[in-house]
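[1] missing the sequence, but the structure's below:
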C-alpha cells in the first residue's frame with residue numbers, strides 16, 4: 001500500500017509540473033513565433049536592399065521574402081535538431097546559428113515542454129508512491145530483482161519512464177538495473193513520512209536517525225549526476241543544475257544537523273563529479 005502522504009505529495013508535484021510545462025510551452029510558442037516574424041522582417045528588408053526595384057513588383061514584395069524565410073527556418077529547424085549547441089570551433093558560424101536559429105529552437109522547446117506536460121499528466125501516482133515508499137525504507141539503492149519480487153506485476157521499463165521524471169531518482173549501472181535516490185531527495189521523503197510513522201508507532205520520543213550516507217561514495221561520476229556515459233556537455237550541465245538545486249541549504253533549514261551534513265556531503269560529491277566529467281570532456285576535445 002502506498003504511503004498516503006507520498007501519494008498526496010506526488011499529486012501536488014504532478015499538478016505543479018504540468019502547469020509549469022504548459023506555461024513554458026505557451027511562452028516558448030509565442031516567443032518563437034515572434035522571433036520568426038523578426039527573421040521575416042530582416043529578410044524582407046535585406047531583399048529590398050539587394051533589389052530596390054522589387055517594390056514595383058507588388059507580388060514579389062511579400063512572397064519572395066516569405067519563401068526565403070520558410071526555407072531559412074526549415075534549415076534552422078534541421079540544424080537545431082541535429083547539431084551540438086556547445087561547438088564553438090567556429091565563432092562566426094556559432095553566432096549566426098544562435099542568432100537566427102532562436103525562433104526554431106523556441107518552437108522546438110515549446111513542443112518538448114508540451115510533451116513533458118503529457119508525460120507528467122499520465123504518471124501513476126499511487127504506483128510510484130508504493131515504489132518510493134519501499135526505496136526510502138532502505139539505506140542504499142535497490143536492485144531490479146528485489147523490486148520485482150516485492151512488486152511482481154511491475155514493468156521495469158514503465159517504472160523508468162515514470163520515475164525518471166522525478167529529480168532525485170537515479171537509475172544506476174550501465175543497464176539501469178538499480179534504482180537509487182539522491183540523499184537530499186531521500187531526506188525530503190523521509191521527512192514527509194516520519195510524522196506518520198511516529199503516529200503509528202506512538203513513540204514520539206524515539207526518533208529514528210536519518211540513514212547514513214552509504215552513497216555517493218560507491219557511485220561513479222555519471223551515476224551521481226544521473227546521466228549516461230555517452231552524455232554530452234549540455235546534458236551534463238543540465239543534470240548538474242537540477243541535482244545541485246536539490247542540495248540548496250534552504251531545503252534543509254528545518255532538518256537536524258546530521259541531515260544537513262549529509263546534504264552538504266552530497267553537494268561536495270556533485271561538484272566533484274561535475275568537475276571530473278567536464279575535465280574528461282576537455283581532454284577528449
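    On my side now, so go ahead. From a predicted model like this one, the values you see are computed outputs, not experimental measurements.
[2] rest of the way, CA atoms for contacts and neighbours
    Will do.
[3] residues in contact with residue 239?
    Contact partners of residue 239, counting by CA atoms under 8 Å, 6 or more residues apart in numbering, are 225-227.
[4] Helix or strand: which one has it?
    helix 233-246 (DSSP states H and E).
[5] May I see the buried residues of that helix?
    With burial defined by 16 or more other CA atoms under 10 Å, the residues of helix 233-246 counted as buried are 233, 236-237, 239-240, 243-244, 246.
[6] now stretch 122-134
    Of the residues in stretch 122-134, those buried by neighbour count under the rule 16+ other CA under 10 Å are 123-134.
[7] export those to CSV and tack on pLDDT?
    As requested, those are exported to CSV (pLDDT from 0 to 100):
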residue, pLDDT
123, 89
124, 89
125, 90
126, 88
127, 89
128, 89
129, 90
130, 90
131, 89
132, 90
133, 88
134, 89
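[8] which one of the contacts of residue 239 has the most neighbours?
    The residue in these with the most neighbours, by other CA atoms under 10 Å, is residue 225 (28 neighbours).
[9] Next one: it from residue 102, what distance?
    Using CA to CA, to the nearest Å, we find residue 225 at a distance of 28 Å from residue 102.
[10] Tell me what angle the strand or helix carrying residue 266 forms with helix 233-246.
    Taking DSSP H and E as the definition, residue 266 sits inside helix 257-284. The directions of helix 257-284 and helix 233-246 differ by 170 degrees, with axes from the mean of the first three to the mean of the last three CA atoms, to 10 degrees as the criterion.
[11] For helix 257-284, the averaged confidence score.
    For helix 257-284, mean pLDDT is 77.
[12] do the same with stretch 224-234
    Stretch 224-234 carries an average pLDDT of 76.
[13] Can you get me the centre-to-centre distance for it and its chain?
    Mean C-alpha position of stretch 224-234 versus that of the full chain (CA atoms, centre = their mean, to the nearest Å) differs by 12 Å.
[14] what does it contact?
    Outside stretch 224-234, the residues touching it (CA under 8 Å, 6+ apart) are 85-86, 170-172, 174, 182, 216, 222, 235-236, 239-240, 243, 269-270, 273-274, 278, 281.
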